[in-house]
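J.: Mind folding the following:
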Amino acid sequence: MRRELAVVWLIWLVAAVALGGYLGLRMLHGKDRTLFMPGETTAGHYQIELDCNACHAQAFADADAIQRACVDCHGEALRKSKDSHPLSKFTDPRNADRLTELDARYCVTCHIEHQPVRTAEMGLTLPVDYCWRCHQDIGQERPTHSELAFDSCASAGCHNYHDNRALYEDFLLQHAGEPWLLAETLVALPVAPQPRGEPLVSGDQDAPADLGEVDGVVAQWAQSRHARGGVNCSDCHQDGDQAWVESPSVSLCADCHVTEHTGFQRGRHGMRQARGLSPMRPELARLPMRSAAEGRELSCLSCHGAHDFNPVTAAVDACLECHDDEHSRAYLNSPHYQLWRAEQAGGAVGSGVSCATCHLPREETRHPNGEIGIAAQHNQSANLRPVEQMARSVCMHCHGLDFVLDALADPRLLHNNFSGRPAVSVPSIEMALERERQHARSAPERASGADAGESAPQPPQR
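T.: Residues are numbered from 1 along each chain as shown. Below is the predicted model:
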């Protein structure tokens with residue numbers, strides 16, 4: 001009996017060692033780490049899920065180590081959004097009691113990976129009652145909120161935990177009463193730095209004579225912004241006296257287009273390469289993509305082409321060659337597309353609305369030579385979720401804030417690419433106006449109280 005038991009244990013041990021070795025080899029040499037994931041990752045992280053060290057920088061890392069990994073990737077976005085709940089708010093001793101309700105010092109308190117059953121509509125995990133934990137008395141502080149459900153704080157058009165810029169009370173009041181369509185509806189266009197040299201034409205090309213037939217390529221280049229900016233063939237295909245490179249690496253683009261390249265690597269299109277993984281391909285996406293795009297590796301050239309760098313093609317056609325979700329398919333039947341067609345037919349420059357207009361918005365930037373210009377933000381995730389982030393950076397170039405909040409809160413419009421008027425009404429501006437009216441009504445009372453020597457009540461620490 002003992003001998004038989006020993007044989008069973010020996011077989012079990014050999015099998016365990018063999019299985020461990022097999023899995024270890026797959027992970028280390030084949031880089032297949034999916035076997036070790038405890039659950040599906042969220043929409044924001046699935047592309048880099050095979051780079052475990054992006055979040056788990058060390059074995060058995062504590063909450064502080066994981067928090068540093070979160071800040072490494074998302075810290076700049078939080079600073080740009082003027083984070084309304086920064087870490088400093090919760091390390092302030094006056095707010096120490098709030099940590100017993102929700103330890104907001106750590107991202108993982110609310111955002112937990114590998115738990116798909118807890119993933120919300122925005123593609124991240126989020127408790128529905130997180131606002132209520134600290135703001136249980138909001139109904140008493142603001143009568144306009146007294147009848148609202150505890151889980152409605154973050155509804156579209158209301159509050160966002162980190163980026164609340166579209167809903168600042170003074171901002172709402174400033175834009176109250178605006179028409180749904182503004183009188184001037186032009187989108188800012190990119191402003192390039194000073195050209196490197198005089199504009200070039202076909203005859204100026206400096207490719208080696210032994211390359212053979214290059215007329216088609218030269219014709220494309222001669223019509224491009226590179227040629228108009230004095231960028232010749234050798235500037236990309238040759239480094240000084242080095243040999244001619246037939247297909248230069250797209251990393252070369254970053255030498256001149258630093259801002260665009262940085263944004264690209266932080267967005268859905270380039271974040272894999274930023275982590276040292278293989279380039280993103282459409283078939284790896286969780287959104288519906290066109291089958292004809294399978295196998296295409298995303299890079300600068302995927303949208304801009306190798307020689308013509310046509311910004312018109314990059315703004316619409318390049319997007320629709322891959323994206324096949326309902327929102328993308330509806331674009332060609334939308335009022336925005338009609339405006340885009342009208343601009344291409346000779347309308348006012350900046351009057352059209354392309355895919356890039358909304359998802360790669362123009363921002364002021366500093367070029368490598370120190371010049372201030374306007375560049376397209378190539379991190380298309382920067383203003384995507386929560387969707388209200390698009391209000392300031394995109395929608396309000398053409399529309400009044402009241403209309404914008406209603407439209408962004410209407411799921412039907414999000415799906416049909418904003419064809420029609422919103423059927424949802426967000427009361428944010430009316431609430432701000434009512435609060436202002438309440439202040440005006442109570443002003444005489446406050447004045448008489450101050451005259452009588454009463455001290456004004458201090459607002460609670462937030």
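
J.: hey, where'd the helices end up in the stretch 101-250 of the chain?
T.: Counting by DSSP state H, counting those that start in this stretch, the stretch 101-250 of the chain has helices at residues 138-141, 169-174, 215-222, 225-228, 233-237.

J.: what kind of secondary structure is the residue nearest the centre of the chain in?
T.: Central residue of the chain (C-alpha atoms, centre = their mean): Ser381, 1.7 Å from the mean position. Secondary structure, DSSP: H, G, I helix; E, B strand; the rest coil: Ser381 is coil.

J.: can you list the helices of the stretch 101-250 of the chain in CSV and add mean pLDDT, mean neighbour count and distance to Ser428?
T.: Glycine gets a C-beta too; all of them are placed from N, C-alpha and C. Written out in CSV, the entries for the helices of the stretch 101-250 of the chain read as follows (pLDDT from 0 to 100; neighbours: other C-beta atoms under 10 Å; distance: least, C-beta to C-beta, whole Å):
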stretch, mean pLDDT, mean neighbour count, distance to Ser428
helix 138-141, 87, 12, 14
helix 169-174, 94, 14, 6
helix 215-222, 89, 16, 49
helix 225-228, 92, 19, 41
helix 233-237, 91, 18, 49
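
J.: With distance to Met396 as extra columns, can I get the ones you listed in a markdown table?
T.: Formatted as a markdown table, the entries for the helices of the stretch 101-250 of the chain read as follows, by distance: least, C-beta to C-beta, whole Å:
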| stretch | distance to Met396 |
| --- | --- |
| helix 138-141 | 27 |
| helix 169-174 | 10 |
| helix 215-222 | 37 |
| helix 225-228 | 28 |
| helix 233-237 | 38 |
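
J.: Okay, now the unreliable bits of the stretch 351-462 of the chain?
T.: The model of the stretch 351-462 of the chain has pLDDT under 70 over residues 368, 445-462.

J.: if you go through it in chain order, where are the helices?
T.: Assigned by DSSP H, counting those that start in this stretch, the helices in the stretch 351-462 of the chain fall at 355-359, 390-393, 401-408, 411-415, 428-451.

J.: Comparing those helices, which comes out most buried?
T.: Mean neighbour counts were compared across the helices of the stretch 351-462 of the chain using mean count of other C-beta atoms under 10 Å; the top stretch is helix 401-408, at a mean of 24.

J.: and that one with helix 428-451, angle?
T.: Taking axes from the mean of the first three to the mean of the last three C-alpha atoms, to 10 degrees, one finds helix 401-408 and helix 428-451 inclined to each other by 130 degrees.

J.: Could you list the residues in contact with helix 401-408?
T.: Applying C-beta atoms under 8 Å, 6 or more residues apart in numbering, the set of residues contacting helix 401-408 from outside is 156-157, 166, 171-172, 175-178, 180-181, 387-388, 390-391, 395-396, 399, 413-414, 418, 422, 424-426, 428-429.

J.: If any of these are buried, give me the PyMOL selection for them.
T.: A single PyMOL command selects the buried members of these (16 or more other C-beta atoms under 10 Å):
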select buried, resi 156+157+166+171+172+175+178+387+388+390+391+395+396+399+413+414+418+422+424+426+428+429
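
J.: Filter the contacts of helix 401-408 down to the ones in strands?
T.: Of the contacts of helix 401-408, none are assigned to strands by DSSP state E.

J.: Chain neighbours aside, what residue packs nearest to the residue nearest to the centre of the chain?
T.: Leaving aside its chain neighbours, Ser381 sits nearest to Gly267 (4.9 Å; criterion: C-beta to C-beta, 6 or more residues apart in numbering).

J.: And for Val250, the neighbour number?
T.: Burial measure for Val250: 20 neighbouring residues, criterion other C-beta atoms under 10 Å.

J.: again, but for Asn369
T.: Using other C-beta under 10 Å as the criterion, the residues surrounding Asn369 number 10.

J.: Equivalent analysis for Leu124, please.
T.: Applying other C-beta under 10 Å, we find 17 residues neighbouring Leu124.

J.: what residues are up against it?
T.: Contacts of Leu124 were listed using C-beta under 8 Å, 6+ apart, and they are 42-44, 111, 385.

J.: quick one: which of the helices of the stretch 351-462 of the chain is nearest Cys300?
T.: The closest approach between Cys300 and any of these, judged by C-beta to C-beta, belongs to helix 355-359 at 13.8 Å.

J.: and the closest one, what other elements does it pack with?
T.: helix 311-315, helix 317-320 (3 or more C-beta pairs under 8 Å, 6 or more residues apart in numbering; DSSP states H and E).

J.: For Glu283, find the nearest of these.
T.: Taking C-beta to C-beta as the criterion, helix 317-320 is the member of the helices and strands packed on helix 355-359 that comes nearest to Glu283, at 16.5 Å.

J.: so for the helix or strand following the closest one, what's the average pLDDT?
T.: Tracing the chain C-terminally past helix 317-320 and defining elements by DSSP states H and E, one meets helix 326-330 next. Mean pLDDT, taken over the full extent of helix 326-330, equals 97.

J.: quick one on the thing from earlier: relative to Ala342, which of the helices of the stretch 101-250 of the chain is closest?
T.: If you check each of the helices of the stretch 101-250 of the chain against Ala342 by C-beta to C-beta, helix 225-228 wins as the nearest, at 22.9 Å.

J.: Could you pull up the residues touching Arg68?
T.: Arg68 sits next to Ala57 when contact means C-beta under 8 Å, 6+ apart.

J.: if we can go back for a sec, the residue nearest to the centre of the chain and Gly270 touch, don't they?
T.: No - taking C-beta atoms under 8 Å as the contact criterion, Ser381 and Gly270 are not neighbours in contact, 10.5 Å apart.

J.: For the stretch 151-300 of the chain, which segments count as strands?
T.: Counting by DSSP state E, counting those that start in this stretch, no segments of the stretch 151-300 of the chain form strands.

J.: Quote the end-to-end distance of stretch 145-165.
T.: Looking at stretch 145-165, the gap from its leading to its trailing residue is 19 Å under the measure C-alpha to C-alpha, to the nearest Å.

J.: how much space between the residue nearest to Ser381 and Val312?
T.: 21 Å (C-beta to C-beta, to the nearest Å).

J.: All set, thanks.
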